[in-house]
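Undergrad: Please work out how this folds:
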Amino acid sequence: MHYERPDGHTFSLYLRGGERTWRLDAGRAHGWPGALCLMPQGASSDWEINDTFEFVHLYVTDDELRRQFSETLDRDARLMTVPEATFDDAPRLAESLQHLAAATQTGDVLRAEEAITAAIACLFSDPRYGGAQPVSLRGGLSPVVRRRLIDYIEARLEHAITLRELAGVAGLSEFHLQRMFRQSCGVSPYGFILNRRIDRARRMLADGDPLAEIASACGFSSQSHLTRMFKAVTGTTPSAYRRGVA
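TA: Got it, this is the predicted structure:
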């Protein structure tokens, strides 16, 4: 199999077998149960598979991983680096991916989300993978302005938030705010706000709050608006999500 500069980042963990799976462009290294592979976006690779095996793949878009890097570490998204790793031994990250595999097999949505969050946090905290390399940052938000914007968004999630408002908070034009926000936070202001609203909705669903109340508290215009956007982001409806975490 050949992967030619794929989009997105891939976490892979061999759950069973793998001894006869070889990476041909990495000195014919072979897998084993518990082996971890990290393939950053755009990394090409060649593989030879000679036997059945079981593994879990977690695919994360570059925008999403940069957003989580920015939010998890409270750092500029441009500092994120994802090195390539082939058949590494990384017990904490492997454990999170094992939990993800188990949650997927049983349909446990909340456990799967927790496992994904833990896996990404392990990636960023492991000095082999998450160490941000010194880079010269130009064109993004200053740390003070970035924090001011995030605090403003968090305090007003239940309200309509306009680009003009955010530009005023940052002291920038709307055009420059939009461009610089994406550089520093990994996603557009719209994408960032939507993700924060969906995160709040998840927590409220787990607590059993009424859907209409959740929609209002999370800044959606109606229950149907909440349902539509929740499904677009998570792939499931709020009601189905609630049944999965009950």
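
Undergrad: Please make it C-alpha for all contacts and neighbour counts, starting now.
TA: Noted.

Undergrad: With adjacent residues omitted, what lies nearest to T104?
TA: Nearest residue to T104 in three dimensions, chain neighbours excluded: A112, at 6.4 Å (CA to CA, 6 or more residues apart in numbering).

Undergrad: repeat for D51
TA: R20 (5.9 Å).

Undergrad: and that neighbour, what does it touch?
TA: By CA atoms under 8 Å, 6 or more residues apart in numbering, the contact list for R20 reads 30-31, 49-51.

Undergrad: So it versus E54, what's the distance?
TA: Separation of R20 from E54 (CA to CA, to the nearest Å) stands at 12 Å.

Undergrad: With L226 instead?
TA: In this view, L226 and E54 are 37 Å apart by CA to CA.

Undergrad: more neighbours, those two?
TA: The neighbour comparison of L226 against E54 (other CA atoms under 10 Å) goes to L226, with 24 against 11.

Undergrad: In which helix or strand does the more buried one reside?
TA: In this assignment (DSSP states H and E), L226 forms part of helix 223-234.

Undergrad: Give me the contacts around that helix.
TA: Outside helix 223-234, the residues touching it (CA under 8 Å, 6+ apart) are 195, 198, 211-212, 215, 220, 236-238.

Undergrad: Next: stretch 89-97.
TA: 13, 34-36, 56, 115-116, 118-119, 122-123.

Undergrad: Point to the helix or strand of the chain where mean pLDDT is at its lowest.
TA: helix 109-125 (a mean of 85; mean pLDDT, DSSP states H and E).

Undergrad: wait, isn't the residue nearest to T104 in contact with T106?
TA: No. Judged on CA atoms under 8 Å, A112 makes no contact with T106 at a distance of 9.7 Å.

Undergrad: Comparing the two, which residue is more hemmed in?
TA: Comparing A112 with T106 by other CA under 10 Å, the one with more neighbours is A112, at 21 against 11.

Undergrad: hey, where'd the strands end up in the chain?
TA: Counting by DSSP state E, the chain has strands at residues 2-3, 9-16, 21-23, 29-30, 36-39, 45-49, 54-60, 85-88.
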